[in-house]
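Visitor: Starting from these lines, generate the structure:
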Amino acid sequence: MARAVSIGLIAFLTVLVGSDAVWAQPESSPTELSLPATEEAPPEVVIAPPPMAAPPVKPSDVKPATPPKDQVALRPDDSTKRRTRQDIAILQALDKVTAETVRFEARVGQPVRYKTLVITVRACEQSADDEPQSDSMVYLNVESQPRAAPGKPTPAPREVFRGWMYASSPSLSALEHPVYDAWLITCRASRPESVVAR
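Guide: Residues are numbered from 1 along each chain as shown. Next comes the predicted model:
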(Lines give C-alpha, C1' and ligand atoms only; values in the text may rest on other atoms or scores of the structure.)
Protein backbone atom coordinates (compact mmCIF):
# COMPACT_ATOMS: atom_id res chain seq x y z
CA MET A 1 0.00 0.00 0.00
CA ALA A 2 2.74 2.43 0.93
CA ARG A 3 4.53 1.44 -2.24
CA ALA A 4 1.46 2.24 -4.33
CA VAL A 5 1.10 5.65 -2.66
CA SER A 6 4.72 6.57 -3.35
CA ILE A 7 4.40 5.47 -7.01
CA GLY A 8 1.28 7.59 -7.35
CA LEU A 9 2.98 10.57 -5.73
CA ILE A 10 5.92 10.25 -8.12
CA ALA A 11 3.56 10.08 -11.10
CA PHE A 12 1.67 13.14 -9.89
CA LEU A 13 4.86 15.16 -9.46
CA THR A 14 6.07 14.07 -12.91
CA VAL A 15 2.84 15.28 -14.52
CA LEU A 16 2.91 18.49 -12.54
CA VAL A 17 6.54 19.33 -13.49
CA GLY A 18 6.09 18.36 -17.14
CA SER A 19 2.93 20.41 -17.64
CA ASP A 20 2.84 24.01 -18.86
CA ALA A 21 1.44 25.27 -15.63
CA VAL A 22 2.32 28.87 -14.83
CA TRP A 23 2.74 29.73 -11.25
CA ALA A 24 1.22 33.06 -10.43
CA GLN A 25 3.50 35.47 -8.65
CA PRO A 26 2.35 38.65 -7.06
CA GLU A 27 3.11 41.63 -9.24
CA SER A 28 4.24 44.89 -7.76
CA SER A 29 2.90 48.09 -9.23
CA PRO A 30 5.29 50.80 -10.41
CA THR A 31 3.96 53.11 -7.76
CA GLU A 32 5.26 50.87 -5.06
CA LEU A 33 8.89 51.30 -6.29
CA SER A 34 10.53 54.38 -4.89
CA LEU A 35 14.02 55.68 -4.40
CA PRO A 36 15.51 55.73 -0.95
CA ALA A 37 15.10 58.98 0.89
CA THR A 38 18.82 59.74 0.79
CA GLU A 39 19.11 59.75 -3.07
CA GLU A 40 17.85 62.50 -5.33
CA ALA A 41 17.17 62.40 -9.04
CA PRO A 42 19.66 64.37 -11.20
CA PRO A 43 18.42 67.73 -12.47
CA GLU A 44 17.18 67.91 -16.03
CA VAL A 45 19.30 71.01 -16.90
CA VAL A 46 22.85 71.39 -15.63
CA ILE A 47 24.13 74.95 -15.48
CA ALA A 48 27.91 75.30 -15.89
CA PRO A 49 29.68 77.62 -13.49
CA PRO A 50 30.95 80.90 -14.99
CA PRO A 51 34.63 80.89 -16.05
CA MET A 52 37.11 82.36 -13.66
CA ALA A 53 38.82 85.52 -14.80
CA ALA A 54 42.62 85.42 -15.02
CA PRO A 55 44.41 87.78 -12.68
CA PRO A 56 45.74 90.92 -14.37
CA VAL A 57 49.41 90.98 -15.37
CA LYS A 58 51.46 93.75 -13.84
CA PRO A 59 53.96 95.59 -16.08
CA SER A 60 56.68 94.83 -13.55
CA ASP A 61 56.15 91.08 -14.12
CA VAL A 62 56.92 91.36 -17.85
CA LYS A 63 60.62 91.28 -18.73
CA PRO A 64 62.00 91.93 -22.23
CA ALA A 65 63.61 88.99 -24.01
CA THR A 66 67.36 88.93 -24.14
CA PRO A 67 68.68 89.88 -27.60
CA PRO A 68 70.40 87.05 -29.51
CA LYS A 69 74.18 87.00 -29.51
CA ASP A 70 75.94 88.07 -32.66
CA GLN A 71 76.69 84.94 -34.66
CA VAL A 72 80.00 85.03 -36.43
CA ALA A 73 80.76 82.49 -39.12
CA LEU A 74 83.74 80.45 -38.04
CA ARG A 75 86.57 79.95 -40.45
CA PRO A 76 87.25 76.37 -41.42
CA ASP A 77 89.94 74.72 -39.41
CA ASP A 78 93.33 75.25 -40.99
CA SER A 79 94.30 71.75 -39.95
CA THR A 80 91.85 70.26 -42.48
CA LYS A 81 93.93 68.84 -45.28
CA ARG A 82 93.01 68.88 -48.94
CA ARG A 83 93.08 65.95 -51.30
CA THR A 84 96.15 65.65 -53.46
CA ARG A 85 95.47 66.15 -57.16
CA GLN A 86 97.50 63.91 -59.44
CA ASP A 87 97.83 64.18 -63.20
CA ILE A 88 97.97 60.51 -64.21
CA ALA A 89 95.37 57.80 -63.59
CA ILE A 90 96.29 54.13 -63.80
CA LEU A 91 93.30 52.24 -65.19
CA GLN A 92 92.58 48.63 -66.00
CA ALA A 93 90.24 47.44 -68.74
CA LEU A 94 88.73 44.05 -69.50
CA ASP A 95 87.36 42.66 -72.76
CA LYS A 96 84.55 40.36 -71.60
CA VAL A 97 84.51 38.43 -74.88
CA THR A 98 88.21 37.53 -75.12
CA ALA A 99 88.98 37.84 -71.35
CA GLU A 100 91.88 40.13 -72.25
CA THR A 101 92.99 42.48 -69.44
CA VAL A 102 95.08 45.60 -70.07
CA ARG A 103 96.51 48.07 -67.55
CA PHE A 104 97.37 51.51 -68.91
CA GLU A 105 97.98 55.12 -67.90
CA ALA A 106 95.72 58.04 -68.83
CA ARG A 107 96.92 61.61 -68.39
CA VAL A 108 94.36 64.16 -67.19
CA GLY A 109 92.71 65.88 -70.14
CA GLN A 110 94.13 63.56 -72.85
CA PRO A 111 91.74 60.97 -74.38
CA VAL A 112 92.98 57.36 -74.45
CA ARG A 113 91.49 54.72 -76.75
CA TYR A 114 90.91 51.13 -75.68
CA LYS A 115 89.37 49.23 -78.61
CA THR A 116 86.04 51.00 -79.16
CA LEU A 117 86.15 52.98 -75.89
CA VAL A 118 87.57 56.49 -75.65
CA ILE A 119 88.41 57.33 -72.01
CA THR A 120 89.07 60.92 -70.91
CA VAL A 121 90.22 61.55 -67.34
CA ARG A 122 89.08 64.91 -65.98
CA ALA A 123 90.50 64.68 -62.43
CA CYS A 124 92.44 62.18 -60.35
CA GLU A 125 92.80 62.59 -56.58
CA GLN A 126 94.36 60.85 -53.58
CA SER A 127 92.53 60.97 -50.26
CA ALA A 128 93.85 63.35 -47.60
CA ASP A 129 95.80 62.17 -44.56
CA ASP A 130 92.94 62.94 -42.15
CA GLU A 131 90.37 60.87 -44.07
CA PRO A 132 89.46 57.54 -42.46
CA GLN A 133 90.39 55.44 -45.49
CA SER A 134 93.20 55.86 -47.98
CA ASP A 135 91.73 55.82 -51.48
CA SER A 136 92.17 57.03 -55.05
CA MET A 137 89.33 58.52 -57.04
CA VAL A 138 89.02 59.59 -60.65
CA TYR A 139 86.43 61.63 -62.52
CA LEU A 140 86.19 60.54 -66.13
CA ASN A 141 83.89 60.16 -69.06
CA VAL A 142 83.87 57.18 -71.39
CA GLU A 143 82.55 57.27 -74.94
CA SER A 144 81.85 54.36 -77.24
CA GLN A 145 83.19 55.10 -80.72
CA PRO A 146 83.91 52.29 -83.18
CA ARG A 147 86.86 52.81 -85.46
CA ALA A 148 86.10 54.20 -88.90
CA ALA A 149 85.96 51.55 -91.61
CA PRO A 150 87.65 52.30 -94.94
CA GLY A 151 85.30 54.18 -97.24
CA LYS A 152 82.72 54.80 -94.49
CA PRO A 153 82.15 57.90 -92.35
CA THR A 154 83.34 57.88 -88.74
CA PRO A 155 80.40 56.98 -86.46
CA ALA A 156 79.42 59.57 -83.87
CA PRO A 157 80.64 58.84 -80.33
CA ARG A 158 78.10 57.81 -77.70
CA GLU A 159 78.71 58.53 -74.00
CA VAL A 160 78.44 55.38 -71.89
CA PHE A 161 79.79 56.63 -68.54
CA ARG A 162 80.43 59.91 -66.73
CA GLY A 163 81.24 60.25 -63.04
CA TRP A 164 83.57 59.33 -60.21
CA MET A 165 85.22 55.93 -59.82
CA TYR A 166 86.84 54.76 -56.59
CA ALA A 167 89.78 52.40 -56.45
CA SER A 168 88.68 50.83 -53.15
CA SER A 169 85.07 50.28 -54.32
CA PRO A 170 84.97 49.60 -58.08
CA SER A 171 81.36 48.41 -57.97
CA LEU A 172 80.13 51.60 -56.28
CA SER A 173 80.19 53.52 -59.55
CA ALA A 174 81.02 51.09 -62.32
CA LEU A 175 81.08 51.27 -66.11
CA GLU A 176 78.11 49.34 -67.47
CA HIS A 177 78.96 48.11 -70.94
CA PRO A 178 78.01 44.79 -72.60
CA VAL A 179 81.54 44.08 -73.91
CA TYR A 180 84.06 46.09 -71.87
CA ASP A 181 84.76 46.89 -68.26
CA ALA A 182 87.15 49.49 -66.82
CA TRP A 183 88.12 50.53 -63.32
CA LEU A 184 90.66 52.66 -61.46
CA ILE A 185 93.80 51.20 -59.91
CA THR A 186 95.40 54.35 -58.48
CA CYS A 187 96.51 57.91 -59.22
CA ARG A 188 100.05 59.13 -59.43
CA ALA A 189 101.97 62.26 -60.26
CA SER A 190 103.99 62.43 -63.42
CA ARG A 191 107.70 62.00 -62.95
CA PRO A 192 109.66 65.21 -63.34
CA GLU A 193 111.90 65.34 -66.35
CA SER A 194 115.46 64.55 -65.47
CA VAL A 195 117.86 67.44 -66.00
CA VAL A 196 121.23 66.49 -67.37
CA ALA A 197 124.05 68.59 -65.91
CA ARG A 198 126.45 70.02 -68.44
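
Visitor: tell me the contacts of the residue nearest the centre of the chain?
Guide: With distances taken as CA atoms, centre = their mean, the residue of the chain nearest its centroid is residue 172 (17.7 Å). By CB atoms under 8 Å, 6 or more residues apart in numbering, residue 172 lies in contact with residue 166. No exception for glycine: its C-beta is placed from N, CA and C like everyone else's.

Visitor: So residue 55 versus residue 48, what's the distance?
Guide: 21 Å (CB to CB, to the nearest Å).

Visitor: ranges for the strands of this protein?
Guide: 84-86, 88-95, 100-107, 112-114, 117-126, 136-144, 158-166, 180-188 (DSSP state E).

Visitor: Serialize those strands to JSON lines and add fields for mean pLDDT and distance to residue 43.
Guide: Converted to JSON lines, these look like this (pLDDT from 0 to 100; distance: least, CB to CB, whole Å):
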{"stretch": "strand 84-86", "mean pLDDT": "91", "distance to residue 43": "89"}
{"stretch": "strand 88-95", "mean pLDDT": "95", "distance to residue 43": "92"}
{"stretch": "strand 100-107", "mean pLDDT": "95", "distance to residue 43": "95"}
{"stretch": "strand 112-114", "mean pLDDT": "93", "distance to residue 43": "97"}
{"stretch": "strand 117-126", "mean pLDDT": "95", "distance to residue 43": "85"}
{"stretch": "strand 136-144", "mean pLDDT": "95", "distance to residue 43": "83"}
{"stretch": "strand 158-166", "mean pLDDT": "94", "distance to residue 43": "80"}
{"stretch": "strand 180-188", "mean pLDDT": "94", "distance to residue 43": "87"}
